[in-house]
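> kindly generate the corresponding structure for this input.
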Amino acid sequence: MNIDLTGKVALVTGGSRGLGRKISLGLAKAGADVVVASRKLDSCERVCDDIRAMGRNALAVSAHLGDTASLDNLITKTIDTMGRVDILINNAGINPAMGTLSDLSPELFDKMYAVNLKGPWYLASRLAPKMASAGGGNIVNIISVSGLKPAAYQGFYSTMKAGLNAMTKVMAIEWADQHIRVNALAPGSYHSDLFDSTASAIPGFEDGAAAACLQKRIAETEEIVGPILFLVSDMGSYTTGATLVADGGYLAQ
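Numbering: from 1, shown residues only. Next up is the predicted model:
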C-alpha cells in the first residue's frame, strides 16, 4: 500500500511557512492539489509556485483562522476554484502567551481561543457537509504534545490544544457515518522558525528540549510530515478518532 493522493484536493491552514509549508509541499509530492491558506497572501503564493513546479494545481488564499467571515471566504474560494476539499489540515496556531496563569490576561485568552480552538472547529464543521456530499474526506487537527502533557508557563496553549484534541474525538464520532476520518497529530519539538529563534534567544533551551525526550534530539520538520501523510492516505484507512504522537518519546509529566 502506497501513499498516493493523486486526484485529491487538500487545504492547509498556516500553510505558507514552517510546518505548514512542509505539509503543503509533502501533500503535493504525494499527488494532491493544494490550497495554501495563511494571513500573508504573498507567502502563500510563493509556496503555490513551488507546488505548481511539481505539476500540481495550487490556490493561495489569505485567511485568518480567528475570523469566521475570513474562513467563510476561504471555503467559498476553495470550492469555487478547486471544486471540493478531500483533506483538511488544521495547522495554523499561535502561542503569544508564555507565563504563569496569574500573569496572563483575558484578552490573550480570547485571542488564543479564537485561533487555536474556535477556528479549527468552525472550518472543519463547515467543510464536513461538503466533504460528505462528495463521498467523504480526511481531517487532521495539529495539536501539540503539550496538550497531552501540559507544562508550566504554557497554560493557555496547553489548554487550547487539549480542547482541540477532545474536539477531534467528537468530530470523528459525529462524522464517521459520512465517511470522514478525523485524527489529531501531537508533535513534540521540531526545528522551525519559532523554535530556532527561541533557541537562539534563550541559552540552554534547545538542549533542554532535546533532553526532555527519549531520542535526545530535536526533530527535523519533515519528520512531522510523514505521520500526516499516513493519516490522510489509504495507509491510515482504519484510523479515526486517534491522536498520533510524534515527539521522540517526550518525558515531561
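> quick one: residue 251 and residue 111, what's the gap?
Residue 251 sits 31 Å away from residue 111, going by Cβ to Cβ, to the nearest Å. C-betas here are computed from N, CA, C, even on glycine.
> wait, what's in contact with residue 59?
34, 35, 36, 48, 77, 78, 81, 82 (Cβ atoms under 8 Å, 6 or more residues apart in numbering).
> pretty sure the second one belongs to a helix, no?
No: with DSSP: H, G, I helix; E, B strand; the rest coil as the criterion, residue 35 is located in strand rather than a helix.
> so it touches residue 78, yeah?
Yes: contact criterion Cβ atoms under 8 Å: residue 35 and residue 78 qualify, at 5.0 Å.
> these two - which one has more neighbours?
For residue 35 versus residue 78, the count of surrounding residues by other Cβ atoms under 10 Å is larger for residue 35: 31 against 22.
> what's the pLDDT at the more buried one?
Note for residue 35: predicted pLDDT of 98.
> and what of residue 154?
Model confidence at residue 154 (pLDDT) stands at 86.
> who's in contact with it?
Applying Cβ under 8 Å, 6+ apart to residue 154 gives the contacts 95, 98, 146.
> do a quick rundown of the helices in the stretch 51-200 of the chain.
Counting by DSSP state H, counting those that start in this stretch, the stretch 51-200 of the chain has helices at residues 68-82, 106-113, 119-133, 155-175, 193-201.
> lowest average pLDDT across those?
Looking at these, the bottom one is helix 193-201 with a mean of 76.
> need the contact partners of that one.
By Cβ under 8 Å, 6+ apart, the surrounding residues in contact with helix 193-201 are 17, 18, 95, 189, 205, 206, 209, 218.
> buried residues, that helix. List them.
195, 199 (16 or more other Cβ atoms under 10 Å).
> how far out from the middle of the chain is it?
Counting by Cα atoms, centre = their mean, to the nearest Å, helix 193-201 is centred 20 Å from the centre of its parent chain.
> closest one to residue 127 out of the contacts of residue 154, please.
Nearest to residue 127 among the contacts of residue 154, counting by Cβ to Cβ, is residue 95 at 24.7 Å.
> can you report phi and psi for the residue most central in space within the chain?
Nearest to the mean C-alpha position of the chain, by Cα atoms, centre = their mean, lies residue 91 at 2.0 Å. With angles defined as degrees, to the nearest 10, residue 91 sits at phi -100, psi -30.
> ok, it - contacts?
Residue 91 neighbours (Cβ under 8 Å, 6+ apart): 12, 13, 14, 15, 19, 20, 23, 142.
> tabulate the contacts of residue 154 (a markdown table), appending neighbour count, distance to residue 54 and pLDDT.
Putting those into a markdown table (neighbours: other Cβ atoms under 10 Å; distance: Cβ to Cβ, whole Å; pLDDT from 0 to 100) gives the following:
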| residue | neighbour count | distance to residue 54 | pLDDT |
| --- | --- | --- | --- |
| 95 | 17 | 31 | 86 |
| 98 | 13 | 37 | 79 |
| 146 | 23 | 33 | 89 |
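> circling back: between the contacts of residue 59, which sits nearest residue 150?
residue 36 (31.0 Å).
> sorry, back to before: so for residue 234, which of the helices of the stretch 51-200 of the chain sits nearest?
Proximity to residue 234, assessed across these by Cβ to Cβ, is greatest for helix 119-133 (16.4 Å).
> next, the buried residues of the closest one.
Those would be 119, 120, 121, 122, 123, 124, 127, 128, 131, for helix 119-133 by 16+ other Cβ under 10 Å.
> quick one: contacts of that helix?
In contact with helix 119-133 (Cβ under 8 Å, 6+ apart) are residues 11, 13, 65-66, 68, 71-72, 74-75, 79, 84-86, 88, 90, 92, 137, 139, 141, 164, 167, 171, 175, 178-180, 182.
> thank you, goodbye.
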